[in-house]
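S.K.: Attaching a predicted model along with its sequence, questions to come.
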Amino acid sequence: MRVRDALAQLPEYAPPAPATVVRLDCNESPDGPFAAAREALAAALGTVHRYPRSDGALIERLAARHDLEPSQIALGNGADALIGQLSSALLEPGDEALTAWPSFPTYVLDARKAGATVTLAPLRDGAVDLDALAERVGPRTRIIWVCTPNNPTGGAPAPERLARFLDEIPERVLVVVDEAYFEYAAGADHADCVREHVPRRGNVATLRTFSKIYGLAGLRIGWLAGPPELARALGRLRHYYDIGEPSNLAALASVDDDDELERRRGENARERERLAQGLRERGLAPLPSRANFVAAPVADAAALAARLCERGIAVRALDELVRITVGTRADNDALLGALGAVYPAGD
């Protein structure tokens, strides 16, 4: 048996570490599913012996909500699955994918699985440096990933700068704007690519997810908006029944609850600022964030994460950066208390 050479340098999947008391490492919503989604899930328990059949209803609802055609929507087993499908659909050995770094690692891993090369651009103030990305477009570039707000740093380019960037990119190159954290950042000063760019650009697609503000991370359901031919291609790459019926029904129950979205957005913004201020008071310098996490440069992030883990608190260490999810008020208080003990101001 011979495994493809492109897989040799990829990391193996590792199950998550055992649960700690306070989980602030995966950017999960501390609120859980919406109330209507909980009711839908309870009602769905009696039908889990049946294969799912509500994909079409969810696609129709998303299309109507965002003034798109159903043919422009594709569903995936989390946005993560859609990233893999996009890489499979567009990339061949020798092709190139572009992304900023640090950003979501699946962009890089799935390009390498396809045998493509990956070119990295820097960030600017915690957001994707669009000038640097545009400068790196070459003849083999097939796909550009723009994560906004960027994971793991939380920054976002101004809407007008993003629009100019999209104008600069050749039509042969697909730009995928990953808006996993869109609902936390939504407002007049943040780009809405589903509304502003997908309807009028043939080389732009966006990703969104029910894993974050909607509190459905464990059910794995995300969606893409883009050109119909791209959505059809992803439909060909999907595995049959890869989105369970409970996921469909929970998403359908959640998608139009704007009041709960606004409540969660406001609560996250308040706690995010309180958390960032607490980090500053303890000697850290968190980057500006529009998402549900804050990140701060730390010389030995892994050591700090390990000390916090010993106290029952999980955060994410990424090279010289520690990323902390905005939890409940009690979660954030526990984190700040532990941080004061293991990373006193001035260290």
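M.R.: Cool, got the structure.

S.K.: Please point out which parts of the helix or strand containing Ala276 sit buried.
M.R.: Secondary structure from DSSP states H and E places Ala276 in helix 258-281. Buried residues in helix 258-281, defined by neighbour count with 16 or more other Cβ atoms under 10 Å: Glu260, Leu261, Arg264, Arg265, Asn268, Ala269, Glu271, Arg272, Leu275, Ala276, Gly278, Leu279. From N, CA and C alone the C-beta is placed, and that goes for glycine too.

S.K.: From the rest of the structure, what touches that helix?
M.R.: For helix 258-281, the external contacting residues (Cβ atoms under 8 Å, 6 or more residues apart in numbering) are 29, 31, 34-35, 183-184, 186, 213, 254, 285-286, 289, 292-294, 296, 324, 326-329, 332, 335-336, 339, 345.

S.K.: Of these, which belong to helices?
M.R.: Ala35, Glu183, Tyr184, Ser254, Arg329, Asn332, Leu335, Leu336, Leu339 (DSSP state H).

S.K.: So among those, which ones count as buried?
M.R.: Glu183, Tyr184, Ser254, Asn332, Leu335, Leu336, Leu339.

S.K.: Just flag the most distant two among those.
M.R.: Checking those against each other with Cβ to Cβ, the farthest-apart pair comes out as Ser254 and Leu339, at 33.1 Å.

S.K.: any weak-confidence spans in the stretch 1-150 of the chain?
M.R.: Counting by pLDDT under 70, the stretch 1-150 of the chain has low-confidence residues at 16-20.

S.K.: Recalculate using a threshold of 90.
M.R.: Counting by pLDDT under 90, the stretch 1-150 of the chain shows low-confidence ranges at 1-21.

S.K.: In it, what residue spans correspond to helices?
M.R.: Using DSSP state H, counting those that start in this stretch, the helices found in the stretch 1-150 of the chain span residues 35-44, 55-65, 79-90, 106-113, 130-135.

S.K.: what does the third one contact?
M.R.: So that's helix 79-90. Counting by Cβ under 8 Å, 6+ apart, helix 79-90 makes contact with 74, 76, 97, 104, 106-107, 110-111, 113-114, 116, 142-143, 174, 176, 178, 180, 205, 207-209, 211, 220, 222-224, 230, 233-234, 237-238, 242, all of which sit outside it.

S.K.: related to what we said a few turns ago, got the helices of the stretch 1-150 of the chain as TSV, with distance to Leu304 columns?
M.R.: Formatted as TSV, the helices of the stretch 1-150 of the chain follow (distance: least, Cβ to Cβ, whole Å):
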stretch	distance to Leu304
helix 35-44	35
helix 55-65	40
helix 79-90	27
helix 106-113	25
helix 130-135	29
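
S.K.: Can you say which of those helices is nearest to Ala14?
M.R.: Nearest to Ala14, of all these, is helix 106-113, at 13.2 Å by Cβ to Cβ.

S.K.: what angle separates the closest one from helix 79-90?
M.R.: Compare the direction of helix 106-113 with that of helix 79-90 by axes from the mean of the first three to the mean of the last three Cα atoms, to 10 degrees and you get 40 degrees.

S.K.: Can you name every helix or strand that helix 106-113 contacts?
M.R.: The helices and strands touching helix 106-113, judged by 3 or more Cβ pairs under 8 Å, 6 or more residues apart in numbering; DSSP states H and E, are helix 79-90, strand 96-100, strand 117-121, strand 141-147.

S.K.: Report the inter-axis angle for that helix versus strand 117-121.
M.R.: Note on geometry: by the same axes, to 10 degrees, helix 106-113 and strand 117-121 are set 150 degrees apart in direction.
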